[in-house]
Every structure is written in structure tokens, then in C-alpha cells.
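J.: my questions are about this predicted structure, shown below with the sequence.
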Amino acid sequence: MLMRGAMKITDALRGEHAPLCDLLRHVDGEARALPTLEAVRAVAAVVVAALVPHARAEDELFFAPLLASGVDAGPLAYMHDEHLDIEGALQGAMVASDRATAVGHLLRAVSLALEHFEKEEEIVFPAADDALDEATLERYGADWARARRRY
């Protein structure tokens, strides 16, 4: 039985997007002014710490169950690939040997992530809300709430 006031996973993930977008927009506005390679790497590490757990939660707690429910795999595979692209750009910022290259990778990751969130909120989440009943979305939300602590 679901608890009263249970949250749909789509609402939980939308809720995570808001502060992540705030962080990303701030980084976008400040990255070019970071004075050293070490400073860029430090900011990239913060972005990694914020985005990677969110992407893993989406992949494991949202995309995987959606696939199991028979939702079209194409858009979900594309979203997963975008997670990998974002992580790759962040990794590029972390291992770059010069400040300008690191900033370029960091800004690419920020741009990709902001565009990715927009696609999820405009396409993927509404499609899931239409394809699955509320009880299923709330069950996935409860799974998210239990598991989110480990990310």
C-alpha cells in the first residue's frame, strides 16, 4: 500500500533539477573567470558530485523500470547516452592539462546538462506521466526516496 502524500518519481526528479540548474547557471556565468586550472578542476569536482548521483538515480530508478514497463527504449537510451556525454565532458575538465581546455570542457558539460534537463522535463517526464498510472509512478518515487541516500 502506498503512503499518503507519496511522490511520483517524475516530481522527485523535477525537484532535483531545480537546484542543479541553479548550480549549472552559476558555473556557466563564472567558469571563464576561474583563475587557475586547479580552480576549474575544483568547480568541476563540485559539478560531478552533484550531477553524477542524479544521473545514476535516473538511470537505475527511473529509466530501467520504464524500460521494463514497455516504454519506447529509444528516447531512454538517448537520455542515458547524454548522461555519459555529460560525464565525459566533466572528466575532460578534470584531466585537462591547461586552464582554457578545462574551462571549455566544463562549459560543454554545463550546456549539455541544461539542455538534457530541458528534454527530460518537456519530453521524457510527461511521456512517463502519460504512459504509467499514478500508483506506479508513486511506487518508483518511493523506491527513489529509499535509495537516494546511497547516491
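T.: Okay, I see it. Here the structure is a predicted model, which is why all the values come from computation and not from measurement.
J.: so Leu114 sits against Asp22, correct?
T.: No. Between Leu114 and Asp22 there is no contact under CB atoms under 8 Å: 10.9 Å. Where C-beta positions appear, they are placed from N, C-alpha and C, glycine not excepted.
J.: neighbour count for these two, which is higher?
T.: Applying other CB atoms under 10 Å to Leu114 and Asp22 shows that Leu114 carries more neighbours, namely 16 against 10.
J.: can you pull the contacts of the more buried one?
T.: Residues counted as contacts of Leu114 (CB atoms under 8 Å, 6 or more residues apart in numbering) are 21, 24-25, 28.
J.: quick check: closest non-adjacent residue to Asp28.
T.: Val110 (4.9 Å; CB to CB, 6 or more residues apart in numbering).
J.: by contact count, what packs against the helix or strand of the chain with the lowest mean pLDDT?
T.: The least trusted helix or strand in the chain, going by mean pLDDT, DSSP states H and E, turns out to be helix 64-68, with a mean of 85. Secondary-structure packing of helix 64-68 (3 or more CB pairs under 8 Å, 6 or more residues apart in numbering; DSSP states H and E): helix 73-95.
J.: please point out which parts of the helix it packs on sit buried.
T.: 75-76, 79-80, 82-83, 86-87, 89-90, 92-94 (16 or more other CB atoms under 10 Å).
J.: same question for stretch 40-52, mean pLDDT?
T.: Per-residue pLDDT values over stretch 40-52 give a mean of 98.
J.: distance from the chain centre to it, please.
T.: Taking CA atoms, centre = their mean, to the nearest Å, one finds stretch 40-52 lying 13 Å from the centre of the chain it belongs to.
J.: quick one: contacts of that stretch?
T.: Contacts of stretch 40-52 (CB under 8 Å, 6+ apart): 20, 23-24, 27, 30-31, 34, 86-87, 90, 93-94, 96, 99, 102-103, 105-106, 109-110, 113.
J.: among those residues, the buried ones, what's the PyMOL command?
T.: To isolate the buried members of these in PyMOL, using 16+ other CB under 10 Å:
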select buried, resi 20+23+24+27+31+34+86+87+90+93+94+96+99+102+103+105+106+109+110+113
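J.: quick check: the gap between the residue minimising distance to the centre of the chain and Trp144.
T.: Centroid-nearest residue in the chain: Ala55, 4.1 Å away (criterion: CA atoms, centre = their mean). Separation of Ala55 from Trp144 (CB to CB, to the nearest Å): 13 Å.
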